[in-house]
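Novice: Any chance you can model this:
(one chain, ligands or ions: 1)
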Amino acid sequence: MTRKQRLVLCYPVDPRHRQQIAAVSPDIEVVDAGQEGVAEALLEADLFCGHAKVPVPWDEVVAAGRLQWIQSSAAGLDHCLVPSVIDSEIPVTSASGLFANQVAEQTLTLLLGLVRDLPASLRQQQERSFDRHPTGDLFGRTVGIVGLGGNGRRVAEVLAPLVGRIIATDMFPIDRPECVDALWPADQLDRLLGQADVVVLCIPLNTQTDGLIGAAALATMRPGALLINVARGQVVVESELIEALRSGHLGGAGLDVTQVEPLPVESPLWSLPRVIITPHIGAQSARRVDDTTDFYCENLTRWLAGRPLLNLVDKRLGFPRRSAAQS
Ligand code: OXD
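Specialist: Residues are numbered from 1 along each chain as shown. The predicted structure is shown next:
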C-alpha cells in the first residue's frame, strides 16, 4: 500500500473546509497545522497550502526534500519566497487576483477617506460637533498605479469612473486595459510620480521593490499628492514617508500595510493627522476562506491529474507571469 500524501494547511479553515479538501482525493491526508504548528509540520509535508506568519525553517524544509508544492493562500509571496525555495524545484502558486475586488474596495476606502477628510468628521462625531470643513476632490484627478497585476487592474477599473486619468507602470507593460490611459515600464516610475495626484502601490515585495518609495521617490511626487499602500509596507521607507508628511510635501497617506506589522504603538504614523491606517485587511473578505478553499481544490485536482497549475509563480520575479495569472 502506498503512503498517503501529507497535505499541511495553514490558513483559518473550519472542519468543513478541511473536509472539502480531503474529498478531492482519498490518497491525501489533510493536516490543519495552524500558525502554532506550521513550522514543525512543514518538515513532514508533501504539499502545503497557507500563509505562515511565523518563522518557518524553509532551508531545512527544502533540504529534507519532501515538500513538492507550495500553494500560498496570500497574494503576496514574501512569506515563502526565500532563496532556498527560489533555488529549489518546488513549484509555488499564489492567490494572485483572488482578492482583487477586496483590495480595490480597500483602496477606494482609504482614498475617499483621505480626499473627503473622513478622519476629521469621525473626530467631530465623537465630540457631537457639526462643524463644516472643506474637502478635496477625486473627480478630475490623475491616479498613478504602481504595479498593474491582478490587484492593480481591478483598482484601475473601480477608480476609472471617478477620476480624470489613470496612468500606470508595470514590469511587463503589456495588455493595457481601456480604463488605463498610459502604461509605462517599471523604470519610468519617476514619470508617473511626477504626474499623479494620487499614487497607489500594488506591487509585490521583492529585491527590486524593497524600499522603492524612499526620499527621492517621495520628493518626485507632486506637492500635496496622496500615497495609498495596499501592497507591502517594506516597499515604502517609513521614516522618509513620515518626513514627507510632516513637511507637508505629501497631502496624506492611506496605509493598509506597514513596514513592521502590527504597527508598533510608538510609531508616529498613528498620530499624523492626514494618515489613515488599516490593519492589513485589504484582502480580507467574509468569503475569503471559502474562496481560497474552492481555488485550492481546483488547483489540487490539477496537481493530482498532472495538469498545469493556476497562478504558477515565476519565483525569480515573485509573481505569476500574466498569462499564467489569467489577470
Ligand atoms: C496579502 C493577503 O497578500 O492578505 O496581503 O493575502
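Novice: So what touches stretch 48-56?
Specialist: 7-11, 21, 33, 35-36, 38-39, 42, 67, 69-74, 79-80, 296 (CB atoms under 8 Å, 6 or more residues apart in numbering). C-beta here means a position set from N, CA and C on the backbone, and glycine is covered the same way.
Novice: same for the ligand: which of those residues are within range?
Specialist: A74 (CB under 6 Å from any ligand atom).
Novice: Whichever of the contacts of stretch 48-56 end up buried, select them in PyMOL.
Specialist: The PyMOL command for the buried members of these (criterion: 16 or more other CB atoms under 10 Å) is given here:
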select buried, resi 7+8+9+10+11+21+33+38+39+42+67+69+70+71+72+73+74+79+80+296
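Novice: Go through the contacts of stretch 48-56 and flag which are in strands.
Specialist: If you go by DSSP state E, the contacts of stretch 48-56 have 7-10, 69-72 in strands.
Novice: For the ligand, state which of those residues is nearest.
Specialist: The ligand lies nearest to S72 out of the ones in strands among the contacts of stretch 48-56, by CB to the nearest ligand atom, at 7.9 Å.
Novice: Spatially, what comes nearest to that closest one if we skip its sequence neighbours?
Specialist: S94 (4.8 Å; CB to CB, 6 or more residues apart in numbering).
Novice: Hmm, the one you found is touching F319, no?
Specialist: Yes: between S94 and F319 there is a contact under CB atoms under 8 Å: 6.8 Å.
Novice: hey, what's in contact with both of these two?
Specialist: 77, 313.
Novice: Take the ones in strands among the contacts of stretch 48-56 and lay them out in a markdown table including distance to N151 and pLDDT.
Specialist: Listed next are the ones in strands among the contacts of stretch 48-56 as a markdown table, based on distance: CB to CB, whole Å; pLDDT from 0 to 100:
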| residue | distance to N151 | pLDDT |
| --- | --- | --- |
| L7 | 27 | 98 |
| V8 | 27 | 98 |
| L9 | 24 | 98 |
| C10 | 22 | 98 |
| W69 | 24 | 98 |
| I70 | 20 | 98 |
| Q71 | 18 | 98 |
| S72 | 14 | 97 |
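Novice: If you average the pLDDT over stretch 189-197, what comes out?
Specialist: Mean pLDDT, stretch 189-197: 98.
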